[in-house]
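Engineer: Below are the sequence and a predicted model; questions follow.
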Amino acid sequence: KAGVTQTPRYLIKTRGQQVTLSCSPISGHRSVSWYQQTPGQGLQFLFEYFSETQRNKGNFPGRFSGRQFSNSRSEMNVSTLELGDSALYLCASSPTAGTMEVTFGSGTRLTVV
Amino acid sequence: AQSVTQPDIHITVSEGASLELRCNYSYGATPYLFWYVQSPGQGLQLLLKYFSGDTLVQGIKGFEAEFKRSQSSFNLRKPSVHWSDAAEYFCAVGAKAAGNKLTFGGGTRVLVKP
């Protein structure tokens, strides 16, 4: 059974650009959550999607957005990139919402220069 | 709102020695508690979880954790560490009302000396 797949693994972008990260959950999983991991702030929750609806949102500016498709795959987008957006972005999936038992992907390492 | 504190940023332990990582949480209701491990450049792997019941929880890779409500703690232990246990360990708390949102502690980096 394939795990949570995040693409790309590494990304370098220039300040002011926008970026889209992709996450394919484990087959059959319908909930997808996103986290940002930085040395300074640690692991912070971005948002959670279930059945194409955002169920929960962390304390991030509106430049961070996401969506989920009917096949449960999810994308997150960051517009007008700032140097501080450099981070490891982790996606996690779960069979349903509210179980809290999630499986993480290996992440996308975003570097903003 | 829930919060998690891991007081130790770094711990160095000799191979074969015991290991204990501390975790303190703050949450008004019954917490759902987790320990994850992260190897460099990788995602998080679940070691164990506590939802209810027996306060001593067994996990993978020989790890166990004990939930102590009176101390708001959920410390992780391993009787004998292996060099492959060198990694960063994260404690997390979840709440039913918050869906699948997890709140993480700052992490403890474990170094294993030969």
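Structural biologist: Arrived safely, thanks for sending.
Engineer: For the residue positioned nearest the centre of chain A, which residues count as its bridge partners?
Structural biologist: The centroid of chain A falls nearest to A:W34 when counting by Cα atoms, centre = their mean (3.4 Å). A:W34 has these beta-bridge partners by DSSP bridges: A:F47, A:C91.
Engineer: what's near enough to touch it?
Structural biologist: Taking Cβ atoms under 8 Å, 6 or more residues apart in numbering or on different chains, we find A:W34 in contact with A:23, A:45-48, A:66, A:74, A:76, A:89-92. From N, CA and C alone the C-beta is placed, and that goes for glycine too.
Engineer: any chance of those residues in JSON lines, plus pLDDT?
Structural biologist: Output for the contacts of A:W34, formatted as JSON lines (pLDDT from 0 to 100):
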{"residue": "A:C23", "pLDDT": "98"}
{"residue": "A:F45", "pLDDT": "95"}
{"residue": "A:L46", "pLDDT": "97"}
{"residue": "A:F47", "pLDDT": "93"}
{"residue": "A:E48", "pLDDT": "94"}
{"residue": "A:G66", "pLDDT": "97"}
{"residue": "A:S74", "pLDDT": "98"}
{"residue": "A:M76", "pLDDT": "98"}
{"residue": "A:Y89", "pLDDT": "98"}
{"residue": "A:L90", "pLDDT": "97"}
{"residue": "A:C91", "pLDDT": "97"}
{"residue": "A:A92", "pLDDT": "96"}
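Engineer: Do the helix or strand hosting B:V4 and chain A come into contact?
Structural biologist: Assigned by DSSP states H and E, B:V4 belongs to strand B:3-5. No. Judged by Cβ under 8 Å from any Cβ of the partner chain, strand B:3-5 stays clear of chain A, getting no closer than 9.8 Å.
Engineer: buried ones in that strand?
Structural biologist: Within strand B:3-5, the residues that count as buried by 16 or more other Cβ atoms under 10 Å in any protein chain shown are B:V4.
Engineer: Give me the distance from that strand to the chain's centre.
Structural biologist: 11 Å (Cα atoms, centre = their mean, to the nearest Å).
Engineer: For the helix or strand just after it, name the packing helices and strands.
Structural biologist: Of the helices and strands lying after strand B:3-5 in sequence (DSSP H and E), the nearest is strand B:10-14. Using 3 or more Cβ pairs under 8 Å, 6 or more residues apart in numbering or on different chains; DSSP states H and E, the elements in contact with strand B:10-14 are strand B:19-21, strand B:108-113.
Engineer: Correct me if wrong: B:G43 contacts A:S106.
Structural biologist: Yes. B:G43 is in contact with A:S106 according to Cβ atoms under 8 Å; the separation is 4.5 Å.
Engineer: Tell me the secondary structure at B:K61.
Structural biologist: Using DSSP: H, G, I helix; E, B strand; the rest coil, the secondary structure recorded for B:K61 is helix.
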